[in-house]
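Peer 1: what follows is a predicted protein model with its sequence.
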Amino acid sequence: MKRAFSHYSTKTEEQRCRYVGTLVKDNEDRSMSISSTEPEKASEQHLFDSVGSVMTIGDTTIPFTKLHMWPLVVLLENVLSHEECDQLIKLSGDRMKRSKISSERVVNQMRTSSGMFFEESENDVIASIERRLSRIMNIPVEHAEGLQILNYKPGQEYKAHHDYFLPTSKAASNNRISTMVVYLNDVEEGGETYFPELTITVPPKKGSAVYFEYFYNDEELNKKTLHGGAPVVKGEKWVATQWMRRKRVR
Ligand SMILES: O=C(O)CCC(=O)C(=O)O
């Protein structure tokens, strides 16, 4: 049985029930979406609840492919329009700084990109994108960290890592549970997102995204979400990362 989210105090009962209902529905639907080569895991449940191969959010039609079931890794197309991608890059403007790692926010060779975080719902563009990502990820937007923008120049990378915090970190008391990395441009060469434990490699494509989750009871499944951003060889790479937390952050 899935561990419950622990904080819904500002949600109406209708919203809360809709969300619980989604989780129950996911349980029912799961057998339909599992490939025959991957056995169902009776004690586990996915957060992402879309079945089939396409979802519609408002006016946006989003085709998706489940690349791996346990842990779930999904490739999504047309998550952001080309205009939205360009706007995010423009809005990040002169706020880009050398990226840091971990909750202590230190510079490290693990991660050589530049980055910035938008404030929560900082403007209408950000608020609209946050709402769409929250719908796709099936987690209330109140659990969403501020959207992060990353820029990699040739040779820059993010070595393989987990997105969740170790139990020894203070941040683990409200840990991350899922990630969506949205590609904001096409990269001439390199810059793939890779999952070494799952032998999955996703090449960046403007407007597409890779989603994965790590809220499983079985820690071994969570550990398999080890992933990284391969060095950019030619051109540059821009991504927006949305992380969801177990409890609300806003
Ligand atoms: O740049 C990528 O492809 C991956 C980014 C990433 O791993 C992250 O933001 O956690």
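Peer 2: Right, received. Where do you want to start?
Peer 1: which residues of the chain lie near the ligand?
Peer 2: Residues of the chain lying close to the ligand by CB under 6 Å from any ligand atom are 150, 158, 163, 181, 193, 227, 229, 239, 241. For the C-beta atoms, the positions are set from N, CA and C on the backbone; glycine is no exception.
Peer 1: out of those residues, which are inside helices?
Peer 2: Residues of these located in helices (DSSP state H): none.
Peer 1: got CSV for those, with neighbour count and pLDDT too?
Peer 2: Output for the residues of the chain next to the ligand, formatted as CSV (neighbours: other CB atoms under 10 Å; pLDDT from 0 to 100):
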residue, neighbour count, pLDDT
Leu150, 22, 95
Tyr158, 24, 92
Asp163, 20, 97
Val181, 23, 98
Thr193, 23, 98
His227, 23, 98
Gly229, 26, 97
Val239, 27, 98
Thr241, 20, 98
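Peer 1: what about Asn151, neighbour count?
Peer 2: Residues lying near Asn151 (other CB atoms under 10 Å) number 20.
Peer 1: quick check, it in contact with Gly235.
Peer 2: No: Asn151 is beyond contact range of Gly235, at 11.5 Å (criterion: CB atoms under 8 Å).
Peer 1: and the pLDDT for the nearest residue to Leu166 once chain neighbours are set aside?
Peer 2: Closest residue in space to Leu166, ignoring its immediate chain neighbours: Ala172 at 6.5 Å, by CB to CB, 6 or more residues apart in numbering. pLDDT recorded at Ala172 is 96.
Peer 1: now do the contacts for Ala172.
Peer 2: Counting by CB atoms under 8 Å, 6 or more residues apart in numbering, Ala172 touches 164-166.
Peer 1: of those, buried ones?
Peer 2: 164-165 (16 or more other CB atoms under 10 Å).
Peer 1: out of the residues of the chain next to the ligand, which one sits closest to Pro203?
Peer 2: The closest of those to Pro203 turns out to be Thr193 (CB to CB; 8.4 Å).
Peer 1: what pairs with the closest one across the strands?
Peer 2: Assessed by DSSP bridges, Thr193 has beta-bridge partners Val202, Gly229.
Peer 1: touching, it and Val182? I think so.
Peer 2: No: using CB under 8 Å, Thr193 is not in contact with Val182; the gap is 10.8 Å.
Peer 1: quick one: contacts for the closest residue to the ligand within the chain?
Peer 2: Using CB to the nearest ligand atom, Gly229 is the residue of the chain that sits closest to the ligand, at 2.8 Å. Taking CB under 8 Å, 6+ apart, we find Gly229 in contact with 113, 150, 152, 157-158, 191-194, 237, 239.
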